[in-house]
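Student: Below is the sequence, then the predicted model.
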Amino acid sequence: MGAMKIPGPVKPLSSLFPVFLCAILLTPSAASAELQQSQRGGASLQASFQYLLSDFSGPVASQWARLDFDPRQQELYTLDQSLNEIRIYNQQGMEVFAFGGDGSIVAAKDVAAGDDGAIYLLARNFQRDAIQVLNFRGEPQAVITLENLPEKYQKFDPDRMKCQGGLFYLLDSRELQIVVLQSDGAFRQAYDLTADFERMAREQDPEKKKTLSLEISGFSIGTDGSIYFTVPTLFSAFRLKPDGALAAFGSPGSGPGKFGVVSGIVADPQGNIYVADRLRSVVMVFASDFVFLGEFGYRGDRPEDMIVPDDLALDPERHRIFVAQAANKGVGVYTISLGR
Amino acid sequence: MISDRLLSRTRPAGRPLFVAAALVLCVFSGHSYAFHDGGAGSCNACHSMHSARSAGESLLLSSDPSSICLNCHAGPGGPNSPSVFSPDGSALTPGGDFYWLIRSFSWLNGSSPGDNHGHNIVAIDHNLLPDPQLTLAPGGTYPSARLGCTSCHDPHGQSAGGTRWGAPPVSGSGSYGTEPPGGAICGNFRLLGDPRHRPAGGAAFVADAPVARQSSVSRFAESDGSHVAYGAGMSEWCGNCHGAMLDGGHRIEGSTFTHPSGRGALLGQGVVDTYNSYLRTGDFSGSAATAYLQFVPFERGTTTLQLLDPNSRQGPDANANVMCLTCHRAHASAFPDAGRWDFTAGLLADSHPAVGDVGATVNDVYFSYYGRNLATEFGAGQGRFCEKCHGAATP
């Protein structure tokens, strides 16, 4: 006589909720087919909404979170500046760890995942706290201070940071300066963009009727070391190559491919550039030669829609793009298929 | 270097009809590539003519007009950051930081709800909701559900109704005391509405925009040495919505005292002497040349912009008067009633937010008094800043 299998206790439906949620999160959303997008002739852009970054309670609310993607671990890092909290999400978009909301870390402006597995925080008080090095548990390990900065950059007070190829790229969005550091904090290179932007403003307004407030919004680093950024008041996005060549693209308008209030920007390994627009609530895609390929997004309350998109992050391996939004909507995740 | 593409990127593209329409829409702006440096900003930064769906009024792509403003005016604060809604209280502007509207604090025997920290502007995209208590403006009839940035600020920067009402064209900012070229005018201080301004849901304004001037070096910061120099008309302008609170209508809660404000509310020699000599509680050894305190501004009683120095630390004279903003911030503060200091604390060291309050961060405490450590600077026994005018005895 075989052993009789004794049925276990019936689980209440509530205990199965996490399982259902996981199943939902792991299944591409049916709503993806409704994602509004457009493309230009000769280009093929397919964007599909996947999900909002979530924990076991559902989508995690955040307002204009700072993003960084760790391709080695396939994890996304978010910084909620109002709570000073770091959250880490796995490749299914589920939160796996969070820290900082209890005051255990210094007030931070930006977060970056290092190639070495460390987590780097750009301190709000940079002069005092510099770059904080945390381990994977969020425990402080060391502090990297900026060394040998040229005299011209003494006012440098960064508010954005990226870490790539063992280098730190720091941006002072108001002084329009970018400083590149080695992993030990030693100065490597710097760019002062003030003269270029002022010249561009003069070209746009030769009679100098207005004085623009020039400020960099989006900021990212390409795989080849190119630096990408946007300046909303110039209705422009920029690519600064490692050799110092600066190129701009974009033009104001409200139609597809036009710039309203541009914000986040990222580039994939092929050099295609993704630009978020807060006003139009879209993410535009441009080829490496700045030809507009298409865009996706629609201002609305549905999960797949966008509300005031800001920072972007890219998963080049799985062709995912992460979009930080306003209205406490959190971070939307989309997959991209692009061809020409 | 910038590539040739940059040089050619502003060429007009698209249908001639659209170009013509855009020109018509921009006719009052004078130029389409600038923001609020007097006059209108770029149409495209707020309105979306070719969007598939226009969710809001006037082709605004947002939940409400204020959400549009905050597309650019939300972010970390700084001396030259135009942010008025920071993620952490760091927008230390003269008007304050709307951040405080979403910060509520509580402690053992008290609380300070966020919706009591300032003007509850409605900006749904940024989680700013209508006032849950008041339906109308105190002392007026302006509906709180319609309160937004454009209730006070004219987004098109018009002065006297703009050129369509016969006003000269606006050619520069009215916030920094600059002289306009001949045949033109500067805009109103901080784009504030004037008698031609008709905010949504409210009656047309009757009072002119105030005469005031901000430092052009630190355009969005406030300190004793860099602040707004108020000349005249601030309280009267507030009276566009809070009219019944002027002219002796502002009764202090829990008291029979009604605080005066406005042009007729001269400080008087006694208050002038107290202001100029007051350094801290019990210490009246200061001098007029360095008497200015950012937490207690006043109007100098002049309509001549050139007489206003936003970097002066000179105290008031016999022409000066008290105004609404002497005690309150126009946007929001860390304290109840948008106070420049915590009106509920007998000693400022007992102000909230404080370390240990539920809901308060270290940043909240630091930014509540604009980064100044009052206990170190003024002493643990520092009383309310009412004393700056009234000495030891407060009304």
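Tutor: Ah, there it is. Residues are numbered from 1 along each chain as shown, chains lettered A, B, ... in the order given.

Student: what about the closest residue to A:Gln182 other than its chain neighbours, which SS state?
Tutor: Distances taken as Cβ to Cβ, 6 or more residues apart in numbering or on different chains put A:Arg188 closest to A:Gln182, at 5.3 Å, once the chain neighbours are dropped. Any C-beta I mention is one placed from the backbone N, CA and C, and that applies to glycine too. On the three-state scheme (DSSP: H, G, I helix; E, B strand; the rest coil), A:Arg188 is labelled strand.

Student: quick one: contacts for A:Arg188?
Tutor: The contact partners of A:Arg188, by Cβ atoms under 8 Å, 6 or more residues apart in numbering or on different chains, come to A:167, A:180-182.

Student: Dump the residues you listed to CSV, plus secondary structure.
Tutor: Shown next, in CSV, are these (three-state DSSP):
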residue, secondary structure
A:Leu167, strand
A:Val180, strand
A:Leu181, strand
A:Gln182, strand
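
Student: so how far is A:Asp102 from the residue nearest to A:Gln182?
Tutor: Going from A:Arg188 to A:Asp102 by Cβ to Cβ, to the nearest Å gives 35 Å.

Student: could you flag which of the contacts of A:Arg188 are buried?
Tutor: Buried members of these, scored by 16 or more other Cβ atoms under 10 Å in any protein chain shown, are A:167, A:180-181.

Student: can you map out the helices along the chain?
Tutor: With no chain named, the answer covers chain A. A:17-26, A:126-129, A:194-204 (DSSP state H).

Student: Please refer instead to chain B.
Tutor: B:4-8, B:16-25, B:65-73, B:149-152, B:234-242, B:268-277, B:362-368, B:374-378, B:387-390.

Student: how about the fourth one, does it get close to chain A?
Tutor: No: contact of helix B:149-152 with chain A (Cβ under 8 Å from any Cβ of the partner chain) is absent, the minimum separation being 15.2 Å.

Student: what does that helix rub up against?
Tutor: B:65-66, B:69-70, B:73, B:121, B:123, B:142, B:155, B:192-193, B:199-202, B:241, B:330.

Student: Report the contact partners of the nearest residue to A:Leu146 once chain neighbours are set aside.
Tutor: Nearest residue to A:Leu146, sequence neighbours excluded (Cβ to Cβ, 6+ apart): A:Gly185, at 5.6 Å. A:Gly185 makes contact with A:130-131, A:144-147, A:168, according to Cβ under 8 Å, 6+ apart.

Student: List only buried entries from the residues you listed.
Tutor: Buried, going by 16+ other Cβ under 10 Å: A:130-131, A:144, A:146, A:168, out of those.

Student: which one is the closest residue to chain A within the stretch 151-300 of chain B nearest to, not counting chain neighbours?
Tutor: Residue nearest to chain A within the stretch 151-300 of chain B: B:Ser171 (6.7 Å; Cβ to the nearest Cβ). Take B:Ser171 and drop its neighbours on the chain: the residue closest to it by Cβ to Cβ, 6+ apart is B:Ala184, 3.7 Å away.

Student: can you give me the strands in the stretch 1-150 of chain B?
Tutor: B:105-107, B:110-112 (DSSP state E, counting those that start in this stretch).

Student: now these as TSV including distance to A:Gly339?
Tutor: Shown next, in TSV, are the strands of the stretch 1-150 of chain B (distance: least, Cβ to Cβ, whole Å):
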stretch	distance to A:Gly339
strand B:105-107	54
strand B:110-112	56
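
Student: Point out the most buried one among these.
Tutor: Stretch with highest mean neighbour count among those: strand B:105-107 (a mean of 18; mean count of other Cβ atoms under 10 Å in any protein chain shown).

Student: what residues does that strand touch?
Tutor: B:111-112, B:352-354, B:356-360, B:364.

Student: cutoff 10 Å now
Tutor: Contact with strand B:105-107 is made by B:111-114, B:117, B:334-335, B:352-354, B:356-360, B:364-365, B:368, as judged by Cβ atoms under 10 Å, 6 or more residues apart in numbering or on different chains.

Student: Run the chain-centre distance for it.
Tutor: 26 Å (Cα atoms, centre = their mean, to the nearest Å).

Student: Quick one: mean pLDDT for that strand?
Tutor: Averaged over strand B:105-107, pLDDT sits at 97.

Student: Please, where are all the strands along the stretch 1-150 of chain A?
Tutor: Using DSSP E, counting those that start in this stretch, strands in the stretch 1-150 of chain A cover A:37-39, A:44-52, A:54-55, A:58-59, A:66-70, A:75-80, A:85-89, A:95-99, A:108-113, A:119-123, A:131-134, A:140-144.

Student: Now render those strands as TSV, adding distance to B:Gly95 and mean pLDDT.
Tutor: Formatted as TSV, the strands of the stretch 1-150 of chain A follow (distance: least, Cβ to Cβ, whole Å; pLDDT from 0 to 100):
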stretch	distance to B:Gly95	mean pLDDT
strand A:37-39	40	78
strand A:44-52	34	94
strand A:54-55	37	97
strand A:58-59	34	96
strand A:66-70	26	97
strand A:75-80	25	97
strand A:85-89	28	97
strand A:95-99	34	96
strand A:108-113	23	95
strand A:119-123	27	96
strand A:131-134	32	97
strand A:140-144	36	95
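
Student: who are the neighbours in contact with B:Leu347?
Tutor: Contacts of B:Leu347 (Cβ under 10 Å, 6+ apart): B:281, B:374-375, B:378-384.

Student: Can you list which of these are found in strands?
Tutor: Among those, no member is found in strands (DSSP state E).

Student: I'd like these laid out as TSV, including pLDDT, neighbour count and distance to A:Val111.
Tutor: Shown next, in TSV, are these (pLDDT from 0 to 100; neighbours: other Cβ atoms under 10 Å in any protein chain shown; distance: Cβ to Cβ, whole Å):
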residue	pLDDT	neighbour count	distance to A:Val111
B:Thr281	95	19	43
B:Leu374	94	19	32
B:Ala375	92	14	33
B:Phe378	96	21	37
B:Gly379	95	17	39
B:Ala380	94	12	37
B:Gly381	94	12	42
B:Gln382	96	21	38
B:Gly383	95	20	42
B:Arg384	94	20	40
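
Student: Which helix or strand in chain A has the lowest average pLDDT?
Tutor: Ranked by mean pLDDT, DSSP states H and E, the helix or strand of chain A with the weakest confidence is helix A:17-26, at a mean of 48.
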